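Student: Provided below are the primary sequence and the corresponding predicted coordinates.
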Amino acid sequence: MKLYARIVPQALSAAALHDAAYALLFDVLRADWSVPSPQVEKTPLGRPYLRGAGRPFISLSHTRGFVCCAVSGTPVGIDCERRRRVTEGAMRRVCTPEELADIRAADDPAARFLQYWTLKESISKKRGVGLSESFQQYAIRFEGEKPFCPGHRLHFEMRGGFFLAAAE
């Protein structure tokens, strides 16, 4: 799994962010993955994939000021978020009781929640289900700062002040 990201202007529209994420993907597919003319299709649930046999798996994400993509030989998901306020209701909808306890004990609860959120969304993207499933089913635990979830290889980092997570 390889992760790629770019800082982009904060003022980009949603459509321009989408286009910037795909431009990043096409650049890295040509440069690093020997895919000279990538053709992206989408599953009925909206998961992007490359048309053609033997193509790598892909995932894209964007948030105001940041775009990213993941490319892998196995199913992959990526998510990015900018720092923002979070509500107690959102935390309860997304997190298990154990995760909520960890968030509430954190020095920066909003940042800890965004770690969980990006990790869970990356898992759902890897699975190709997007936001159609409850994120509570993905029980994540941390050993130090390393995230774990059964059946998934997880990665989390802060990049350029943005939360970036991937699942393979």
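Tutor: That came in fine, so what should we check first? Numbering: from 1, shown residues only.
Student: Endpoints of stretch 158-168, how far apart?
Tutor: Criterion CA to CA, to the nearest Å; first-to-last residue distance in stretch 158-168 is 18 Å.
Student: Average pLDDT for that stretch, rounded please.
Tutor: For stretch 158-168, mean pLDDT rounds to 97.
Student: C-alpha coordinates for stretch 103-115, CSV please?
Tutor: Provided in CSV are the C-alpha atoms of stretch 103-115 (Å, rounded to 0.1, in the frame of the first residue of the first chain):
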residue,chain,number,x,y,z
ILE,A,103,-11.7,9.7,23.4
ARG,A,104,-13.0,11.2,26.7
ALA,A,105,-9.6,10.4,28.4
ALA,A,106,-7.6,12.0,25.6
ASP,A,107,-5.8,15.4,26.0
ASP,A,108,-7.5,16.4,22.8
PRO,A,109,-10.8,14.5,22.5
ALA,A,110,-11.8,16.0,19.1
ALA,A,111,-8.4,15.0,17.6
ARG,A,112,-8.7,11.5,19.0
PHE,A,113,-12.3,11.1,17.6
LEU,A,114,-11.0,12.2,14.2
GLN,A,115,-8.4,9.5,14.4
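Student: any idea of the mean pLDDT in that stretch?
Tutor: 96.
Student: What lies in contact with it?
Tutor: 81, 83-86, 90-91, 94-95, 102, 116, 147, 156, 163, 165 (CB atoms under 8 Å, 6 or more residues apart in numbering). Glycine gets a C-beta too; all of them are placed from N, C-alpha and C.
Student: out of the residues you listed, which are buried?
Tutor: Burial by neighbour count, judged by 16 or more other CB atoms under 10 Å, picks out 81, 86, 91, 94, 95, 102, 116, 147, 156, 163, 165 from the contacts of stretch 103-115.
Student: give me every residue that touches the fourth one.
Tutor: What it means is residue 94. Contacts of residue 94 by CB under 8 Å, 6+ apart are 113, 116, 117, 120, 135, 136.
Student: which two of the contacts of stretch 103-115 lie the greatest distance from each other?
Tutor: 85 and 147 (22.5 Å; CB to CB).
Student: thinking again about what came up before, mark which of the buried ones among the contacts of stretch 103-115 are part of strands, please.
Tutor: Among those, the members falling in strands (DSSP state E) are 81, 147, 156, 163, 165.
Student: Would you confirm that residue 142 contacts residue 119?
Tutor: No - here residue 142 lies out of contact with residue 119, judged by CB atoms under 8 Å, at a distance of 9.6 Å.
Student: More neighbours: which of the two?
Tutor: The residue with more neighbours, out of residue 142 and residue 119, is residue 119; 26 against 16, by other CB atoms under 10 Å.
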